Structures are given as structure tokens and as C-alpha cells.
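Q: have a look at this prediction, sequence included:
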Amino acid sequence: MAKIKDRIHTAINASITGQQIYFLAFVFYFVPAFLIDTTFTQYLSWSKLRLLTYIAIPLIIFKIYVVDRWHWPTLLLITLLLMFGVAAWRAAHYPEILMMMVFVLGAKNVQFRRIVQWYFYLSLVFMMLLAVIAIIGIVPNLIYYSNLRPTRYSLGMAYTTFVASHVVYIALAYCYLRFGKLKWFDYVGIIAIALVTLKLTNTRLDFYEMLLLIPIMWIAQRAQRGKSISRVFASFWWTATPLLSALTIIGAYFYSPSNHIYQKLNSLFTGRLSLSYEAFQRYPVSLLGRNIVEHSYGGAKGAKFANNNLYALSSHYFYIDSAYIRMLLVWGGVVFLLVIGGIIYITVKETAKKQYILPAIFILIAINAMFEPHILQMIYNPFLLAILATNPKLKLTDGERS
């Protein structure tokens, strides 16, 4: 039996590699998953697009069980994790849990830099094409009016904040790919794109994060070159995710609308604290998560809903923006621990290797996850795939650029 398996493995590798299977699955997932978050769903069935994303699963399963060489105890653990992914998906009705689990476990012997390249170019091309066809009217460009803030445009996405979230993660991917070559003109370009995004979508928190990206990357570059003070700062970045997740959860759970400081913070975070508090009041934490019905401003119906409430959030509006709160209440406590543990594993491992680009990226993701829900969606965040993907050590000194 072992000889037969070895022959199958050799025959497969002679024509196609596990990495090629992985990227084929990545494209099969990425294209329909991206379209689901756009106004294309007015012409293409949301459910059919979701079904298309599932084509990726058997491809990755084939890679794990046939192409990859795992010892049987590890393979048993992988099987149990996949079974948990299915259970969590069915409990929360959120397929991204299963999809992220499958792609993380299937990333063995896949170059992480290649993953980020595929993500970056697919995201960049799709965002640019979508904006153009939305502006010329091929797909709806949803417009949000309010007497409390400037007019906002979705540029073909289902909601304005989706645009800003994509821009943030594309910028992070760009910094990862150009880490050794980042110069002042790269940062000027990032600021320019952040300003345009702010003007069109009025997403202030994402704009501030784009600005924060610049000093974080500068410190990371200095740390990578061995500068001692920068290394001291960078060596603590792995703590960002556990600390900020705890701060977000504690702050939301003990929120009090009568507290003056809480009122100021809630206003600064555009009502996210009070909504997270409301979520805790409605739903207890569970292990596997649950299906929570939310009412947001996404999509054509959501835009109409928003534009009927020009002066304030509707009393019927209910959406959990924070990824940390979503992980606890929608995706479940086990998913929360797995994701936070996975990020700690990546950042501690890279810090121990004196590699600072991923810890730098994850400190920015940790901040983003306080206010945005996209941490488990690979069309936004490909960086969790670094858990098992191959990530070669980068050497960078004052006289080197890579």
C-alpha cells in the first residue's frame, strides 16, 4: 500500500506540484468570494457564487492527503481540525471559518511570498477594474448621504468601508513584498491613496491606520538592519494581538452609556462600542458560535436603509464590526483562541528569527481588528496563511536591499 501511494505521489509531482494545486484553489476561491462583497450580486446569484468558492476545498484536500507528506499523527490532527472547521461553519453559518482552516492547513511547502503576490495582484486588479466599471455605471456605485458626514461612495463594493479595508490590506501586502526596498516615495504614494480613499469613503479609522503604517514599517526596517532601539520596540509587537483583543472585549463588555469617557470613545469609534455592548447583552459566548441576524448598510437595500436615516443610526441597525467581538459571539470561543493563538505563533516565531515584517503587519492587523470584521476573510487578509507556509529568512543590512 505504501509503495502504491509513493508511486501516485511521484506521478503527480512529475506533472503538477502541490504549490500549483494550492494557487489554482486560491483563484477558484478568490474570484467568487471577492464578487460576493460587490454589487455584482445584483446580477449574479450570491448563493451560486458561494458554491463556486467550495470548488477550492477538494483541491486543497487532495493536496493535503495525497501530495503533502504528513506523518499519520499529524494527519489525524489535521483531520480533526477540518472536522471542527465544518462544525463551526454549520454553527455560525459563516463559511470563511472552514475556508481559512482549509487554506492554512494546506499551505505546507507553499512559498508565503508567492501567496502574498497572488493576493496583491488579484486584489489590486479587481479593485481597479471594479472602481472603473462602477463609475461608468456597469455595476451600481452605491452612494450614501448623511447630514452627519460627507457623501460616501462604494465604488462597486457592497459598502464603503469594504473599499477602505481592501486598500489597507493591499497596502500591507505591498509593504511585505517591498519591505527591503521601501523608500520615501512609497510612503508618499500610500498617503496619497489613503487621502483619495478618505475623500471617497470617509473611513477615518482606516485612514489613520494607513498613516500609522509608515512609522511602523520604518521601525521594522531599522530593526531588520540590527538597530538596537528599533529592535527593542519591535520585539514587543507580538503582544499587540492578545492585548488589543482583551482591551476591545473588556471595553465593550463593561461599556456604560452614562460614562463620559465611554461616550467620547464611542463617538470616536463611530458607535462601535455601543453596538458591541448590545451584542454582548443579546448573545452569550459559545464554543462553536451561532448564526446572528444583523442589519447593516451593505448592498442596495442597505444603502436605501441608510439614506432613510440621514441624522443618526437607525434603531434597527445592528452589526458587529470588531473582529474580536465577532470571533467570540459569531464564530465562537474556540475559533477566537485558534486565531489569536495562530497570530501569536507567527509573530513570536518571526521575532525569534529576528524577522520583523510580519510582526509589523500583525500589529496593524491587530488595530484594524478592533474596528473591522475581515480578519478571517482571505480576500482581505492572507497573512494568517503564514502559519504553515514556507517563509524564508530575510537578510537586510544598511548596505543591502532585497
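A: Yep, it's here.

Q: separation between residue 214 and residue 328?
A: 32 Å (Cβ to Cβ, to the nearest Å). C-beta here means a position set from N, CA and C on the backbone, and glycine is covered the same way.

Q: how about low-confidence regions in the stretch 301-402 of the chain?
A: 301-316, 395-402 (pLDDT under 70).

Q: for the stretch 101-250 of the chain, same thing?
A: Looking at the stretch 101-250 of the chain by pLDDT under 70, you get 148.

Q: which stretches in it count as strands?
A: Counting by DSSP state E, counting those that start in this stretch, the segments of the stretch 101-250 of the chain that form strands are 143-144, 152-153.

Q: nearest to residue 29, out of those strands?
A: Shortest distance between residue 29 and the strands of the stretch 101-250 of the chain, using Cβ to Cβ, is found for strand 152-153: 27.5 Å.

Q: note down every partner strand of that closest one and its orientation.
A: Taking DSSP bridges as the criterion, strand 152-153 forms sheet pairs with strand 143-144 (antiparallel).

Q: can you redo the strands of the stretch 101-250 of the chain as JSON lines with mean neighbour count and distance to residue 34?
A: Conversion of the strands of the stretch 101-250 of the chain to JSON lines gives the following (neighbours: other Cβ atoms under 10 Å; distance: least, Cβ to Cβ, whole Å):
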{"stretch": "strand 143-144", "mean neighbour count": "16", "distance to residue 34": "21"}
{"stretch": "strand 152-153", "mean neighbour count": "22", "distance to residue 34": "18"}
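
Q: and residue 121, which of those strands is closest to it?
A: Ranking the strands of the stretch 101-250 of the chain by proximity to residue 121 (Cβ to Cβ) places strand 152-153 first, at 24.3 Å.

Q: quick revisit: settle it for me: which of residue 214 and residue 328 has more neighbours?
A: A direct count of neighbours by other Cβ atoms under 10 Å for residue 214 and residue 328 places residue 328 higher, at 28 against 18.

Q: now do the contacts for the residue nearest to residue 156 when sequence neighbours are not counted.
A: What sits nearest to residue 156 in space, not counting adjacent residues and going by Cβ to Cβ, 6 or more residues apart in numbering, is residue 134, at 3.2 Å. Counting by Cβ atoms under 8 Å, 6 or more residues apart in numbering, residue 134 touches 39, 140-141, 154-156.

Q: now with 6 Å, please.
A: Residue 134 makes contact with 141, 155-156, according to Cβ atoms under 6 Å, 6 or more residues apart in numbering.

Q: if we can go back for a sec, would you tell me which of the strands of the stretch 101-250 of the chain gets closest to residue 64?
A: strand 152-153 (41.8 Å).

Q: what are the contacting residues of that closest one?
A: By Cβ under 6 Å, 6+ apart, strand 152-153 touches 141, 143-144, 160, 200-202.

Q: among those, which ones are buried?
A: In those, burial by neighbour count holds for 141, 144, 160, 200-202, counting by 16 or more other Cβ atoms under 10 Å.

Q: so which of these belong to helices?
A: Counting by DSSP state H, these place 160, 200-201 in helices.

Q: and those residues, which is closest to residue 362?
A: Distances from residue 362 to those, taken by Cβ to Cβ, are shortest for residue 201, at 24.2 Å.

Q: what residues sit buried inside stretch 25-32?
A: Buried residues in stretch 25-32 (16+ other Cβ under 10 Å): 25-26, 28-30, 32.

Q: appreciated, that's everything.
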